[in-house]
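>>> Got a sequence here, can you model it:
(one chain, ligands or ions: 1)
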Amino acid sequence: MTSAPILDIRDIHKDYGTYQALKGVSLSVRQGEFIALVGPSGCGKTTLLKQIAGFEDATSGTISIDGRDMAGVPAAQRPTSMVFQKLALFPHMTVAENIGFPLKLRKVAPGEIASRVNEMLTLMELKPIYLDRFPRALSGGEQQRVALARSMISSPKLLLLDEPLSALDVKLKKVLQSELKRLHRSLGVTFVHVTHDLEEAMMLADRICVMRAGRILQLGEPSDIYYRPADAFVAGFIGETNLFPVEVTGRKVGSVHYSSTAFEDATGTLPADAAAENASGAALMNVRPELIRRIGPKDTADCAVNAKVTEVFTKGGTVQYRAHTPQGMDLAIEIQGTSQLPMQVGENVRLGWSKKDIWILPAGEA
Ligand code: ATP
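Residues are numbered from 1 along each chain as shown. Here you go, the predicted model:
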């Protein structure tokens, strides 16, 4: 076992004419990791996958896979396989021919191809009766399973997935999300998965990479990205949140001091790791909706604010509220099940949150 990254991307730039699609992307991925690439439309996710797969040449920078520099290595000779959003199954080939195609290209013996196709069929939980069917005689989910089987048959070191589940209906998507997770666990292959679905990214990935405008803003474990976002863009992109304006007034070894006029008694001290290292002066206090609770008029909380409830939405087992504060903020609050007293629209309430749930991030971009 090597401790070197399976994928090592250093300072990749990709220009299309005068348009800079990637502006210095560096990313190091460990063997067997599941990385989710997320970011707004046009931020460069697919472009990054294409550079890794070798479908395009980067303008500058280096990409190494398993310790080998990929400069000049054509796509077909890279230890990668890419699954696209739009299925690229060959319509005139049967399922068996589609799955076996990458091995046929490599001139593997027909007997060996047939046995590998059967292995892939079992792996993807596809029935043998599908082998002689053409793609048009399969459901969308079955077609996507065939595409995954085809991408895995040549035992790639890196599986690159470009929104493979986005065209599927919600129920089927859930099933295939679990299959992807199972596949990843059982094969130990490294996955780089582009998705617009943040829940999917949270559920599947070991680490999430948030991109914006050709750059990586943050790479971290799902809970870090969610609770400790690098900047206000990541905080808002990765889910609903509350960002209270605060002033970081000082730092000492092990602690950080803040003050704010956005809520009550708003001067305080937090452990240093409750604030991003680059948060100083004008900053933002990130508190996710589910970390704010209703408190009684006499209850104490580390931080508290009065607010008037303006909206209530019920979403499955959770209730989401909007509440307006006298300081002019519209807060989002989410309450699970019946764990707390319900709040009514128009009601004046008192809300509180704990210091342990606070994360302070810079007010500007990371
Ligand atoms: P989406 O989530 O919408 O799929 P993305 O993050 O995958 O977006 P890319 O497909 O990587 O975005 O595109 C990044 C930017 O580069 C876009 O603005 C796109 O228009 C541009 N781009 C991509 N391919 C080309 C090309 N061949 N020529 C010119 N511009 C391109």
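>>> what helix or strand does the residue in the stretch 201-350 of the chain positioned nearest to the ligand sit in?
Ranking the residues of the stretch 201-350 of the chain by distance to the ligand (Cβ to the nearest ligand atom) places residue 211 first, at 6.8 Å. C-beta: built from backbone N, CA, C; applies to glycine. Following DSSP states H and E, the helix or strand that holds residue 211 is strand 207-212.
>>> so for that strand, what's the average pLDDT?
When the per-residue pLDDT values of strand 207-212 are averaged, the result is 97.
>>> Please state the offset of that strand from the chain centre?
Using Cα atoms, centre = their mean, to the nearest Å, the mean C-alpha position of strand 207-212 is found 6 Å from that of the whole chain.
>>> on that earlier part again, need the contact list for the closest residue to the residue of the stretch 201-350 of the chain closest to the ligand other than its chain neighbours.
Closest residue to residue 211 in three dimensions, ignoring its sequence neighbours and counting by Cβ to Cβ, 6 or more residues apart in numbering: residue 39, at 3.5 Å. In this structure, residue 39 makes contact with 45, 210, 211, 212, 217, 237, judged by Cβ atoms under 8 Å, 6 or more residues apart in numbering.
>>> Who does the third one form a beta bridge with?
Note on residue 211: beta-bridge partners residue 216, judged by DSSP bridges.
>>> Pretty sure it sits against residue 37.
Yes. When contacts are counted by Cβ atoms under 8 Å, residue 211 is listed as touching residue 37 (6.4 Å).
>>> what does stretch 54-72 rub up against?
The set of residues that contact stretch 54-72 without belonging to it, under Cβ under 8 Å, 6+ apart, is 2, 4-15, 22, 24-25, 47, 50-52, 73-75, 77-80, 82, 157-158.
>>> Show me just the buried residues among these.
The neighbour-count test (16 or more other Cβ atoms under 10 Å) marks 5-9, 12-14, 22, 25, 47, 50-52, 78, 80, 82, 158 as buried among these.
>>> that older thread, quick one: which of the contacts of residue 39 has the most company?
With neighbours defined as other Cβ atoms under 10 Å, the most crowded of the contacts of residue 39 is residue 210; it has 27 neighbours.
>>> so what's it up against?
Contact analysis of residue 210 by Cβ under 8 Å, 6+ apart lists 38, 39, 216, 217, 218, 219, 225, 230, 234, 237, 238.
>>> tell me, which of these make contact with the ligand?
residue 39 (Cβ under 6 Å from any ligand atom).
>>> Closest to residue 138 out of the contacts of residue 210?
residue 38 (29.1 Å; Cβ to Cβ).
>>> ok, that closest one touching residue 200?
No. Using Cβ under 8 Å as the test, residue 38 is too far from residue 200 to be in contact (9.2 Å).
>>> neighbour-wise, which of the two wins?
Set residue 38 next to residue 200 and count neighbours by other Cβ under 10 Å: residue 38 wins out with 25 against 21.
>>> Quick check: bridge partners of that one?
When residue 38 is checked against DSSP bridges, its beta-bridge partners turn out to be residue 210.
>>> Which parts of the stretch 101-250 of the chain are strands?
158-162, 190-194, 207-212, 215-220, 242-252 (DSSP state E, counting those that start in this stretch).
>>> Can you give the distance of the last one from its chain's centre?
Put simply, strand 242-252 sits 27 Å off its chain's centre (Cα atoms, centre = their mean).
>>> near the ligand, which residues of the chain?
For the chain, the residues in contact with the ligand (Cβ under 6 Å from any ligand atom) are 16, 19, 21, 39, 41, 42, 43, 44, 45, 46, 47.
>>> quick one: which of these sit in helices?
Among those, the residues falling in helices (DSSP state H) are 45, 46, 47.
>>> Columns pLDDT on top of these, output as CSV?
Compiled in CSV, those are given as follows (pLDDT from 0 to 100):
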residue, pLDDT
45, 96
46, 94
47, 96
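>>> Just give me the neighbour total for residue 152.
By the measure other Cβ under 10 Å, the count of residues near residue 152 is 22.
>>> For it, give me its contacts.
Neighbour list for residue 152: 81, 120, 123, 159, 183, 187, 189 [criterion: Cβ under 8 Å, 6+ apart].
>>> Top of those residues by number of neighbours, please.
With neighbours taken as other Cβ under 10 Å, the top of the contacts of residue 152 is residue 159, carrying 23 neighbours.
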